[in-house]
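>>> predicted model and sequence follow; I will ask about them next.
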Amino acid sequence: MRMHSNSIFITGGTSGIGRGLAEAFHRLGNQVIISGRRLDRLQSICAANPGMRHFPLDVRDPAAVREVASRVMVEFPRLNCLFNNAGIQNMIRIDGRLPLDEQAMLDEINTNLLSVLRVAAAFLPHLKKQQNAVLVNVTSGLAYVPIARVPFYCATKAAVHSLTLSLRHQLRDSGIKVIELVPPYVDTELGGPAKKAAASAGPRPMPLDAFITEIMKELAGDADEVAVGDAKKLVGASNLETVMKIFAGMNH
């Protein structure tokens, strides 16, 4: 994708990968617009990056998505890039030992999967009119090989991977480039303290700065799917034997 002279809207821009991408693209001279639920975070990030703009948004709310999208497109008529990055991750037991956490399950499906459809649908008619239009869906290496302690997160990201393939096919004649961005385990707030405690004996997370540096290099190319670090290995696990071997190592 073109790395400069864009107008970019990023969901989930208040921390982690979303904030890292926003600031990296801002440094390259792009107009960056971030959204998220935490107004104080949005305000402090934009104050630290003059020229960056923000819109409070809960992507679980269909009416709010439509309303914010309309405002963004009016205020930034040259908007040509959309990053579907918002996501949450919960540790949910599905083995019958505990009652199923219905709210946690629904929140992940709503935030990680349904919001991708909502946000894309709200912006696609506009993107089709733009030059150098790009739609980026952020998935995860866990879309390819799951880790059992976060089953709904993995399942939603696998669904977004599948959805992205279909979107790319349906938009093949639209002029919109559809990219799947596949992070590895990155040192962010995603999953909260419980994730870090559970993963303490496993692989070390990739530092956020290192991830952003590497993924920006990958995005500057022409690939439809970009992955760095351990995510490359998971994406490359194309047969069941390989998948199960990696799965066993991740879920010992």
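Received the coordinates, thanks.
>>> tell me the helices in the stretch 1-150 of the chain, going along the chain?
With DSSP state H, counting those that start in this stretch as the criterion, the stretch 1-150 of the chain has helices at 16-27, 39-48, 62-75, 102-108, 115-127.
>>> can you tell me which of these comes nearest to Ser7?
helix 62-75 (9.2 Å; C-beta to C-beta). For the C-beta atoms, the positions are set from N, CA and C on the backbone; glycine is no exception.
>>> mean confidence (pLDDT) on that closest one, please.
Averaging pLDDT along helix 62-75 yields 98.
>>> show me what that helix packs onto, helices and strands only.
Applying 3 or more C-beta pairs under 8 Å, 6 or more residues apart in numbering; DSSP states H and E, we find helix 62-75 packed against strand 53-56, helix 115-127.
>>> of the helices of the stretch 1-150 of the chain, which shows the lowest average pLDDT?
Among the helices of the stretch 1-150 of the chain, helix 102-108 carries the lowest mean pLDDT, a mean of 92.
>>> for it, packing partners?
Here helix 102-108 touches helix 151-170, going by 3+ C-beta pairs under 8 Å, 6+ apart.
>>> pull out the buried residues from the helix it packs on.
For helix 151-170, a neighbour-count test (16 or more other C-beta atoms under 10 Å) marks 151-161, 163-164, 167-168 as buried.
>>> I'd like the next helix or strand past that helix.
Using DSSP states H and E, the helix or strand that follows helix 151-170 towards the C-terminus is strand 176-182.
>>> where in the stretch 101-250 of the chain is pLDDT low?
Within the stretch 101-250 of the chain, the ranges that satisfy pLDDT under 70 run 191-202, 238-240, 244.
>>> please redo it, this time with the cut-off set to 90
By pLDDT under 90, the low-scoring segments of the stretch 101-250 of the chain are 101, 189-204, 233, 236-250.
>>> got the contact list for Ile33?
7-10, 52-55, 72, 76, 79 (C-beta atoms under 8 Å, 6 or more residues apart in numbering).
>>> switch the cut-off to 6 Å
Listed by C-beta atoms under 6 Å, 6 or more residues apart in numbering, the contact partners of Ile33 are 9, 53.
>>> now do it against Ala227, distance only.
26 Å (C-beta to C-beta, to the nearest Å).
>>> distance of Ser115 relative to Ser35?
The gap separating Ser115 from Ser35 is 11 Å, by C-beta to C-beta.
>>> who has more neighbours out of those two?
Higher neighbour count among Ser115 and Ser35: Ser35, with 27 against 24, using other C-beta atoms under 10 Å.
>>> what sits closest to that one if chain neighbours are left out?
Leu57 (3.9 Å; C-beta to C-beta, 6 or more residues apart in numbering).
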